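**Q** structure for the following, please:
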Amino acid sequence: MHFALSFLAGSLLLWGCANQGTPEGGPFDTEPPRLLQASPAVKATGVNTRHFTLTFDENVKLSSQTDKIIVSPPQREAARITANGRHVSIVLSDTLRPNTTYSFYFDDVIVDNNEDNPLEGFSYLISTGGQIDSMQLAGRVIDALTFEPVEGLIVGAYPATDINDSTLRKRPFPYVSKTNKLGFFTMRGLPNSTYKVFATKDNDANYQYSDRSEGLAFSRESFQTTLRDSMRTDTIRIDSIVRRDTLHRDSLVTYPFTYYFPRDIALRYSVAKVQQYGLERHSRPDSLICRLEFLAEPKKLPRLRSLDKPTTPAESLYWATAKGKVVDLWLRDKELLARDSVRFALTYEKTDSLLRLQEKTDTLVFIKPQARAKKHDKTHEAEKSPLQITLTGASGAFGGTPSDSLYVTASRPLAALPSSAIHLEIQEDSLYKPQDFTIVQDSLDHLRYTLRFPRAYGKSYRARIDSAAVRDIYGAACDSVAFTQQIQKEDEFGQLTITLQGIRSHALVQLIDKSDAVLQQFYGHEVKVDTTQKAQPTAASTEGDKILAELLSKQAPQATKADSLPEAKTPTESCQVSFHDLKPGEYFVRLIVDTDDNAAFTPGDYPDRAPEEVYYYPQAISIKKGFTSEERWDIHTQSPLGSKPEALRKVKPDEAKKKREDKNIEYYKRWGRKRR
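**A** Predicted structure coming up:
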């Protein structure tokens, strides 16, 4: 008898262990924790305690992303929120405000201990007054250019009657929420009123818009809260007596439900372009280079005057090259090269406190690194070190097309790059023949040169620079280098023609890949997109409308030839944009309404300017070699707050729960086979 009882107890223990979610011991738990009790109760009124306890039906914990928890009204000192067993404890440090509804929003921070199933969108409301303010505002925040959801933004609301243009920077939001991973937010516990809604990064955690670097999403609309009592029908799961079936949904339940409005607020987030210019630091990494690092890429090269040799022309003292924010001064004067320190008076542009560009002159001392300082002239080391020359072509979409490039890049400034030093040939049949070309030096990066020549479909080109054919400003010679460039045949490419309708405003049309990288683009100085759809042009207003397309290489890595667009006489007439020599694959198209005519997307700047409107062609465009794809696009069928093609989305709904259910499918398949 004792043995039988022991065997039964052991069997029950094993059965209990088998239902923890092991592969063959039972289905995976996909259910989130359920709130059993709250103290004070949910939506309790007349609350005078700052300590709250939430009790759940199973052991819970807080995920690592506790910064998702939002308390509204916002607290000067953060609330202390902890989990222990089945309980979550909330302790407020701030004094309770009278007649105020408090909303505690947890997003998906509360999860069960075993499977980390999140209790999504959970909130807890109480009031210190005699009633609960139960109104809500809900919506979504997306990036104004990419349409990707922006997670972690503080969403704040002010009563519409209590706000002006300066309120954002003077007063914290009285009501707050936070965007989740899909950009959605819900603001609870609001009095019935009309509100202005904003969203910002809130880097300094003061619950207000403090600086342009935080970015801002805003709407010029005011939003009136309303509600509607209705009925709601949901599908529920029925638990089997034999097993807990988390897959089959076989029952419907209808119950009273209150819908709160607005629930579709759409906000476009962007960071205003307020570029600070000025010198950040200066250094001398070796004897050859004096380096200047700026806060932003300078609009023009700075001017320098040697304080050691003030009467010597600058061009004989140094050679300047620029790459982005860094300007390198290559010293070429032997006396300066030998000095342990050199002094320059630098004149450059700097942004003042009013964000105006002003010229400023500083005295800079460049000190040679002691570890590298040598008694002999550094120039001799440069002579011993070979000059590095590279030949490269374009990468990405333009490689192997007639729009390919051929670059000559040097490791140090060249004394000269004569055309006689470069041998460029084109293959004709089985022979290579000389190909004419011109050399263009980069206007900023003087270490890079472009070889310009026409390229033909199906042709091969080869370039060669012989050993010692080129020398740098220190006298060091290069090694030999060669490069072959193959242009594919014309029938290996596809073409794309897009007919745009409703053209009434300047537009930038971009061809992009799955990573949102711009491959080609056209800018129309007068490519016009009708964003009002109501305004009808007069004969006088349309008579001079010209629709031109000009490719801007400064906005894309490379560019195709500019195409001319036909003149549009009315908002409903169309024009065409063509992209040539496309490699087979999937492409996407984005259109930016360029209201300020700067050939680039311009973010918003509250309160003066909203972000420029952006539209995505609704689906991927497949390009096949040897074919021309033709598409028609009327942007009036889309909202500038609309969605982007599914294949372009970087943030997709969480599929963790689906994966767990998929595991249960496999479990029940195995369970069924074993049962048979």
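**Q** just for the stretch 301-450 of the chain, where's the confidence low?
**A** 371-384 (pLDDT under 70).
**Q** one more time with 90
**A** Counting by pLDDT under 90, the stretch 301-450 of the chain has low-confidence residues at 301, 314-316, 320-324, 352-357, 369-386, 395-398, 429-430, 443-446.
**Q** helices of that one, start to end?
**A** Counting by DSSP state H, counting those that start in this stretch, the stretch 301-450 of the chain forms helices over residues 334-338, 378-384, given from the N-terminal end onward.
**Q** now the chain
**A** 2-18, 167-170, 334-338, 378-384, 539-543, 656-675 (DSSP state H).
**Q** mean pLDDT lowest where, among these?
**A** Ranked on mean pLDDT, the bottom entry among the helices of the chain is helix 539-543, at a mean of 30.
**Q** what's the domain layout of the protein?
**A** Structural domains annotated on the chain: 35-237, 279-379, 385-488, 492-533+542-644, as defined by automatic domain parsing.
**Q** how about these in CSV, adding mean neighbour count and distance to residue 262?
**A** For the C-beta atoms, the positions are set from N, CA and C on the backbone; glycine is no exception. Converted to CSV, those look like this (neighbours: other Cβ atoms under 10 Å; distance: least, Cβ to Cβ, whole Å):
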stretch, mean neighbour count, distance to residue 262
domain 35-237, 17, 5
domain 279-379, 15, 36
domain 385-488, 16, 42
domain 492-533+542-644, 18, 13
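**Q** export those domains to TSV and tack on distance to residue 270?
**A** As requested, the domains of the chain are exported to TSV (distance: least, Cβ to Cβ, whole Å):
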stretch	distance to residue 270
domain 35-237	4
domain 279-379	18
domain 385-488	26
domain 492-533+542-644	3
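**Q** out of these, which gets nearest to residue 254?
**A** Nearest to residue 254, of all these, is domain 35-237, at 4.6 Å by Cβ to Cβ.
**Q** which residues does residue 419 contact?
**A** For residue 419, the set of contacting residues under the criterion of Cβ atoms under 8 Å, 6 or more residues apart in numbering consists of 437, 438, 439.
**Q** any idea how far the first one is from residue 454?
**A** Taking Cβ to Cβ, to the nearest Å as the measure, residue 437 and residue 454 are separated by 9 Å.
**Q** please identify which of the domains of the chain is closest to residue 258.
**A** domain 35-237 (5.4 Å).
**Q** that closest one: how far from the chain's middle?
**A** For domain 35-237, the separation from the chain centroid amounts to 25 Å (computed by Cα atoms, centre = their mean, to the nearest Å).
**Q** OK, contacts around residue 457?
**A** Going by Cβ under 8 Å, 6+ apart, residue 457 touches 402, 487, 488, 489, 490.
**Q** what about the last one, how many neighbours?
**A** It stands for residue 490. 14 (other Cβ atoms under 10 Å).
**Q** now the strands for the stretch 1-150 of the chain?
**A** For the stretch 1-150 of the chain, the strands identified by DSSP state E, counting those that start in this stretch occupy 35-39, 51-56, 60-62, 70-72, 80-84, 87-91, 101-107, 110-112, 122-127, 135-143, in order along the chain.
**Q** a markdown table please, covering the ones you listed and showing mean pLDDT and distance to residue 352.
**A** Written out in a markdown table, the entries for these read as follows (pLDDT from 0 to 100; distance: least, Cβ to Cβ, whole Å):
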| stretch | mean pLDDT | distance to residue 352 |
| --- | --- | --- |
| strand 35-39 | 97 | 55 |
| strand 51-56 | 98 | 51 |
| strand 60-62 | 95 | 47 |
| strand 70-72 | 94 | 38 |
| strand 80-84 | 96 | 44 |
| strand 87-91 | 97 | 47 |
| strand 101-107 | 94 | 42 |
| strand 110-112 | 95 | 50 |
| strand 122-127 | 95 | 47 |
| strand 135-143 | 96 | 31 |
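**Q** will you turn those into a markdown table that also has distance to residue 518?
**A** As requested, the strands of the stretch 1-150 of the chain are arranged in a markdown table below (distance: least, Cβ to Cβ, whole Å):
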| stretch | distance to residue 518 |
| --- | --- |
| strand 35-39 | 48 |
| strand 51-56 | 49 |
| strand 60-62 | 42 |
| strand 70-72 | 36 |
| strand 80-84 | 44 |
| strand 87-91 | 47 |
| strand 101-107 | 34 |
| strand 110-112 | 40 |
| strand 122-127 | 41 |
| strand 135-143 | 15 |
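**Q** who's the closest residue to residue 292 other than its chain neighbours bridged to?
**A** Of all residues beyond its chain neighbours, the one nearest residue 292 is residue 327 (4.4 Å), with distances taken as Cβ to Cβ, 6 or more residues apart in numbering. On the basis of DSSP bridges, residue 327 is bridged to residue 292, residue 322.
**Q** for residue 80, same thing?
**A** According to DSSP bridges, the residues that bridge with residue 80 are residue 91.
**Q** run through the stretch 551-676 of the chain and note the low-pLDDT ranges.
**A** Across the stretch 551-676 of the chain (using pLDDT under 90), the flagged ranges come out as 551-576, 595-599, 634-644, 646-647, 649-676.
**Q** closest to residue 271 out of the domains of the chain?
**A** Closest of the domains of the chain to residue 271 is domain 35-237, at 3.9 Å (criterion: Cβ to Cβ).
**Q** which two among the contacts of residue 457 are spaced furthest apart?
**A** 402 and 489 (11.0 Å).
**Q** residue closest to the middle of this protein?
**A** Per Cα atoms, centre = their mean, the C-alpha nearest to the average position across the chain is that of residue 146, at 6.7 Å.
**Q** and it, how far from residue 496?
**A** If you measure residue 146 against residue 496 using Cβ to Cβ, the figure is 21 Å.
**Q** same question, residue 256
**A** Going from residue 256 to residue 496 by Cβ to Cβ gives 53 Å.
**Q** next one: residue 317
**A** When residue 317 is compared with residue 496 (using Cβ to Cβ), they lie 51 Å apart.
**Q** and for residue 224?
**A** To residue 496, residue 224 is 45 Å away according to Cβ to Cβ.
**Q** among the contacts of residue 419, which are in strands?
**A** Taking DSSP state E as the definition of strands, those contribute 438, 439.
**Q** redo the contacts of residue 419 as a markdown table? Include distance to residue 49.
**A** Rendered in a markdown table, the data for the contacts of residue 419 read as follows (distance: Cβ to Cβ, whole Å):
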| residue | distance to residue 49 |
| --- | --- |
| 437 | 82 |
| 438 | 81 |
| 439 | 79 |
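**Q** what's the closest of the contacts of residue 419 to residue 170?
**A** Scanning the contacts of residue 419 for proximity to residue 170, where the rule is Cβ to Cβ, the winner is residue 439, at 58.1 Å.
**Q** and the strands in the stretch 251-400 of the chain?
**A** So, for the stretch 251-400 of the chain - with DSSP E, counting those that start in this stretch - the strands run 265-270, 279-283, 289-294, 303-306, 318-323, 326-331, 341-351, 357-367, 389-393.
**Q** just the stretch 501-650 of the chain next, same as before
**A** In order along the chain, the stretch 501-650 of the chain carries the following strands (DSSP E, counting those that start in this stretch): 507-512, 518-524, 574-582, 585-593, 614-616, 621-623, 628-634.
**Q** helices or strands up against the fifth one?
**A** In this structure, strand 614-616 packs against strand 585-593, with contacts taken as 3 or more Cβ pairs under 8 Å, 6 or more residues apart in numbering; DSSP states H and E.
**Q** in this structure residue 505 contacts residue 594, no?
**A** Yes: with the criterion set as Cβ atoms under 8 Å, residue 505 and residue 594 qualify as a contacting pair; they are 7.5 Å apart.
**Q** report the beta-bridge partner residues of residue 495.
**A** Under the criterion used here (DSSP bridges), residue 495 is bridged to residue 628.
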